[in-house]
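K.L.:
coords please:
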Amino acid sequence: MRTFIGIDFDDELKKNIFELQQRLRELAVKGRWKHSDNFHLTLKFLDEIDEKQKMEIDNALRQISCETKPFELSLSGLGIFPGGDSVRVLWLGVTGDMPELKYLQGSIDQALEPIGFPKDKRAYRPHITIGQDVVFKLDFDEIKKIIGEVKLTAFKVNRLFLFKSEQIGYKRVYTKIEEYKLGGERK
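P.N.:
Just a heads-up that it's a prediction; the model follows:
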């Protein structure tokens, strides 16, 4: 199964991200827009795993989560990863307890390397993807002026999840298959 490790958001935060996404969508000619159920913060993409690897990942994440205290993040700022004639990725930025977030991500990277998941070659750039292959009606700097300052409510990071990613019909669906409570036992 195709998997990744991430942080999920509560329904209220997903609703706020969705409302921002809709404002941006009105300023676009076209794009592929993330479904609100799929808003999350990726810590590590794993790709295909088998049952043995899942058990090893589970053990590593259980250990890391027990050793990691909850921390707080906020979502703020808009950015893009350009791609030719379109915006390859339209994203929402992450602020808050960044040293804790980067330490957590680095711990996951390090713990999973011996079981067959190489460390990411690129530096970790936390973001929430809200759209892909977006073509805006205006220059992105103009879009940011129209939208104004983006700062969503802070949230507590107190759980990690192992997600399964699958294509069902024409929709990408992310399903939580394991949960790890930070600073304590697995729930």
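K.L.:
buried set for stretch 146-166?
P.N.:
Neighbour counts over stretch 146-166 (16 or more other Cβ atoms under 10 Å) mark 150, 152, 155, 157-165 as buried. In this view, the C-beta of every residue, glycine as well, is placed from N, C-alpha and C.
K.L.:
What of stretch 23-35?
P.N.:
Under 16+ other Cβ under 10 Å, the buried positions of stretch 23-35 are 24-25, 28, 31, 33-34.
K.L.:
Among the residues you listed, name the ones in strands.
P.N.:
Judged by DSSP state E, the buried residues of stretch 23-35 include 28, 31, 33 as members of strands.
K.L.:
Show me what the biggest strand by length in the chain is packed up against.
P.N.:
Longest strand in the chain, counting residues (DSSP E): strand 71-83. Using 3 or more Cβ pairs under 8 Å, 6 or more residues apart in numbering; DSSP states H and E, the elements in contact with strand 71-83 are helix 11-25, strand 86-96, helix 98-112, strand 127-136, helix 140-147, strand 155-157.
K.L.:
In contact with His127, which residues?
P.N.:
41, 79, 89, 91-94 (Cβ atoms under 8 Å, 6 or more residues apart in numbering).
K.L.:
can you rerun that using 7 Å?
P.N.:
79, 91-94 (Cβ atoms under 7 Å, 6 or more residues apart in numbering).
K.L.:
Can you tell me which of these are buried?
P.N.:
91-94.
K.L.:
Show me what the lengthiest helix in the chain is packed up against.
P.N.:
Secondary structure assigned by DSSP state H gives helix 51-67 as the longest helix of the chain. Using 3 or more Cβ pairs under 7 Å, 6 or more residues apart in numbering; DSSP states H and E, the elements in contact with helix 51-67 are helix 98-112, strand 159-168, strand 171-181.
K.L.:
So which bits of the longest strand of the chain are buried?
P.N.:
Quick answer for strand 71-83 (16+ other Cβ under 10 Å): 71, 73, 75, 78, 80.
K.L.:
Distance to Leu46 and pLDDT for the buried residues of stretch 146-166 - can I get that in TSV?
P.N.:
As requested, the buried residues of stretch 146-166 are exported to TSV (distance: Cβ to Cβ, whole Å; pLDDT from 0 to 100):
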residue	distance to Leu46	pLDDT
Val150	30	92
Leu152	27	91
Phe155	24	95
Val157	19	96
Asn158	22	95
Arg159	18	96
Leu160	13	96
Phe161	12	97
Leu162	8	97
Phe163	9	96
Lys164	10	95
Ser165	10	93
